[in-house]
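J.: the following block contains a protein sequence and its predicted model.
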Amino acid sequence: MSQKQADDIRQSVRDSYAKVAEASDAGECCGVETSCCGVSADINSVHSTRLGYSENDLNHIPGGADMGLGCGNPRAIASLQADEVVLDLGSGGGFDAFLAAREVGEHGQVIGVDMTPAMVSKARRNAETAGFSNVEFRLGEIEYLPVADSSVDVIISNCVINLSPDKARVFREAYRALRPGGRLAISDVVATATLPDEVRDDPHLHACCVAGAALVDELQAMLEQACFTDIRITPKDESREFISDWVPGSGVEDYVVSAHIEAIKPE
């Protein structure tokens, strides 16, 4: 892929998710441009509980942080501990970041990174409104993380890395940012079969978290090349049910599923 093609993909994704953030701010449905997003506050909550979040989780986040985005619950595999530093790749409105902040406590820290200015602004407003002092949101691309080397304990991400045109670089950057012994805890979509060209080349399906999905073997190789160990990629076949709602009638659930992706940076 050329640099221009990669930049075109990033810009298309950025534009799509800016519309989601702006529609959410306006109180409108946010499922117009990206189908991995609900269409109302109530539907967003239903979608999130299908992904493994509890009603208690949803009751402890700022209003508007849950926009129905995501394909799993990375905190379910993160085993977050008090005082840890957590980095959230593609933090959106701050949903997972705020939940992580509650787990690491006031002496811990959560850093959210997102490449969409509207999402970063929304997350910052949410943090200020809800009084989260241990969370910050930075504008940046996950291929070029605005964090120091060996500065975080855990990296979480929810249905974002599939959107990157350079996933191998994302994992190299994640490795750089983690402290020795640090861990990845990611929910994302993976391809279970080679995507047809008409799916792979569709910008809308890319923004819908489908066209950019990589095969499990490809992800395994990228993580190994980035020097991660203890790699575990666990596809969730039951996710086909909600993925079928992303682009109704398209059959995309025959090609992609949600998965947990875990790995460790060696000591």
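T.: Yep, that arrived. Residues are numbered from 1 along each chain as shown.

J.: which residues sit against the helix or strand that contains residue 156?
T.: Assessed by DSSP states H and E, residue 156 sits inside strand 152-158. Residues from elsewhere that reach strand 152-158 (Cβ atoms under 8 Å, 6 or more residues apart in numbering): 69-75, 78, 80-81, 84-90, 95-96, 100, 111, 142, 174, 177-179, 182-188. In short, each C-beta sits where N, CA and C put it, glycine included.

J.: do that again at 7 Å, thanks
T.: With Cβ atoms under 7 Å, 6 or more residues apart in numbering as the test, strand 152-158 has contacts from 70-72, 74-75, 78, 80, 84-90, 96, 100, 174, 177-179, 182-188.

J.: in strands, which of those residues appear?
T.: Using DSSP state E, the subset of the contacts of strand 152-158 located in strands is 85-89, 178-179, 182-188.

J.: let's have these in a markdown table, adding distance to residue 120 and neighbour count.
T.: As requested, the ones in strands among the contacts of strand 152-158 are exported to a markdown table (distance: Cβ to Cβ, whole Å; neighbours: other Cβ atoms under 10 Å):
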| residue | distance to residue 120 | neighbour count |
| --- | --- | --- |
| 85 | 19 | 19 |
| 86 | 17 | 28 |
| 87 | 15 | 27 |
| 88 | 12 | 30 |
| 89 | 13 | 28 |
| 178 | 22 | 25 |
| 179 | 25 | 16 |
| 182 | 24 | 24 |
| 183 | 25 | 21 |
| 184 | 22 | 28 |
| 185 | 22 | 23 |
| 186 | 20 | 26 |
| 187 | 21 | 28 |
| 188 | 21 | 29 |
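
J.: so who does the closest residue in space to residue 234 that isn't next to it in sequence touch?
T.: Closest residue to residue 234 apart from its sequence neighbours, by Cβ to Cβ, 6 or more residues apart in numbering: residue 260 at 4.5 Å. Contacts for residue 260 (Cβ under 7 Å, 6+ apart) come out as 72, 77, 187, 234.

J.: mind redoing it with 8 Å?
T.: Residues in contact with residue 260 (Cβ under 8 Å, 6+ apart) are 72, 74, 76, 77, 185, 186, 187, 232, 233, 234, 236.

J.: quick one: the second one and residue 161 touch, right?
T.: No - with contacts counted by Cβ atoms under 8 Å, residue 74 stays clear of residue 161, the gap being 11.0 Å.

J.: quick check: neighbours shared by the two?
T.: Counting by Cβ under 8 Å, 6+ apart, the residues touching both residue 74 and residue 161 are residue 186.

J.: which of these two has more neighbours?
T.: Counting neighbours by other Cβ atoms under 10 Å for residue 74 and for residue 161 shows that residue 74 has the greater number, 31 against 25.

J.: let's check: the centremost residue of this structure is which one?
T.: Centroid-nearest residue in the chain: residue 158, 2.6 Å away (criterion: Cα atoms, centre = their mean).

J.: how close does the closest residue to that residue other than its chain neighbours sit to residue 92?
T.: Computed as Cβ to Cβ, 6+ apart, the closest residue to residue 158 that is not its neighbour in sequence is residue 70, at 4.3 Å. To residue 92, residue 70 is 8 Å away according to Cβ to Cβ, to the nearest Å.

J.: how far off centre is stretch 93-104?
T.: 13 Å (Cα atoms, centre = their mean, to the nearest Å).
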